[in-house]
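A.B. asks: What follows is a predicted protein model with its sequence.
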Amino acid sequence: MKDLDRQQERQSLVNQQLASRDIDDPQVLAAMGRVARHEFVQPQHRSKAYDDCALPIGHRQTISQPYIVALMTQLVAPQADSVALDVGSGSGYQAAVLAEIVDKVYSIEIVDALAQQASARLKRLGYHNAEVRAGDGYQGWPEQAPFDVIILAAAPDHIPSPLIEQLKPGGKLVLPVGDQRQVLMLIEKRSDGRLHEQAIIPVVFVPMTGPSLR
C-alpha cells in the first residue's frame, strides 16, 4: 500500500475513532496521526493496522487498541519537556506516540525478544528520544526517575509501589488494575506527595508478569 493511502487511513482513524469520541488533546491527536501503526504490527495483520482494535504481536502479547493508546496518553497530559516511562513496550507503539510529544521516553518490556525488536524498530523509524530495555516493569527504571508521566500497558492486581515512588510530584500514572475485572486507573501525585486516584473505564489488558509478581 502506498504511503499516501496509509496516511489517509491514519487520518480516518484519528477523525472517526478518536476526535469523534472524547480524545480532544491536539498534541495527542497529532501524534496519533503521525505514528505509522502498520510498522508496529506483524506483516499478516497490516491490513488491520488502522482498525480500532488490539492485534497480536507474538509471544502472547498484543498491540493496544488505538483509542486506548490515545486515551491513556491524554490522561497523563504529556508536555514537550516531560520525561516518560512506558511499561510494557510490546512492539513500541505507545513509546512512539509518547516520543512524538515528550523530550525523552524510557520503555521497559518483560519479553526480551520484543524489547530487542521494539528498540530496533524505534531507531529505524527515527525515534532517537526513545530507549527500550528488557526487564521487570514492576520495578520501573529507577536510574532515570523521577518521571513526569508513566503509562503501564499490562494489568497488575494492585498499583506497583515502585512506580508510585518514581513518579514526580505533579506527575501522572495511568494503568489497568485487576484480574478478572480490570479498571483503567489514573493516579496523580500531588505536590505534597499525596495521591489522587480516579477510576476511568473498564478495560481488558494482558496480565502483568515478572519476578515481582510471583
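C.D. replies: Right, received. Where do you want to start?
A.B. asks: and the strand of greatest length in the chain, what does it pack onto?
C.D. replies: Criterion DSSP state E: the longest strand present in the chain is strand 167-178. Applying 3 or more CB pairs under 8 Å, 6 or more residues apart in numbering; DSSP states H and E, one finds that strand 167-178 makes contact with helix 66-76, strand 147-152, helix 161-165, strand 182-189. The C-beta positions use only the backbone N, C-alpha and C, and glycine is treated the same way.
A.B. asks: Tell me which of these sits most buried.
C.D. replies: Here the criterion is mean neighbour count by mean count of other CB atoms under 10 Å, and of those the winner is strand 147-152, at a mean of 26.
A.B. asks: Report the distance from that strand to the chain centre.
C.D. replies: 9 Å (CA atoms, centre = their mean, to the nearest Å).
A.B. asks: helices and strands around it, which ones?
C.D. replies: Judged by 3+ CB pairs under 8 Å, 6+ apart, strand 147-152 is in contact with helix 66-76, strand 83-87, helix 93-99, strand 167-178.
A.B. asks: Can you lay out these as JSON lines showing distance to Ala113 and mean pLDDT?
C.D. replies: As requested, the helices and strands packed on strand 147-152 are exported to JSON lines (distance: least, CB to CB, whole Å; pLDDT from 0 to 100):
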{"stretch": "helix 66-76", "distance to Ala113": "22", "mean pLDDT": "98"}
{"stretch": "strand 83-87", "distance to Ala113": "17", "mean pLDDT": "98"}
{"stretch": "helix 93-99", "distance to Ala113": "16", "mean pLDDT": "98"}
{"stretch": "strand 167-178", "distance to Ala113": "23", "mean pLDDT": "97"}
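A.B. asks: Out of these, which is closest to Phe147?
C.D. replies: Checking those against Phe147 by CB to CB gives strand 83-87 as the closest, at 4.4 Å.
A.B. asks: Can you tell me what sits against that closest one?
C.D. replies: Applying CB atoms under 8 Å, 6 or more residues apart in numbering, the contact partners of strand 83-87 are 76, 78, 94-95, 98, 102-108, 137, 140-141, 144-154, 163, 166, 175.
A.B. asks: now do 7 Å
C.D. replies: 78, 94-95, 98, 102-108, 137, 140-141, 147-153, 166 (CB atoms under 7 Å, 6 or more residues apart in numbering).
A.B. asks: ok, back up a step: right, and the helices and strands packed on strand 147-152 - which one's nearest Pro43?
C.D. replies: helix 93-99 (15.4 Å).
A.B. asks: buried stuff in stretch 75-89?
C.D. replies: Residues Leu75, Val76, Ala77, Pro78, Ser82, Val83, Ala84, Leu85, Asp86, Val87, Gly88, Ser89 are the ones in stretch 75-89 that count as buried (16 or more other CB atoms under 10 Å).
A.B. asks: Residue nearest the middle of the protein, spatially speaking?
C.D. replies: Central residue of the chain (CA atoms, centre = their mean): Gln94, 3.6 Å from the mean position.
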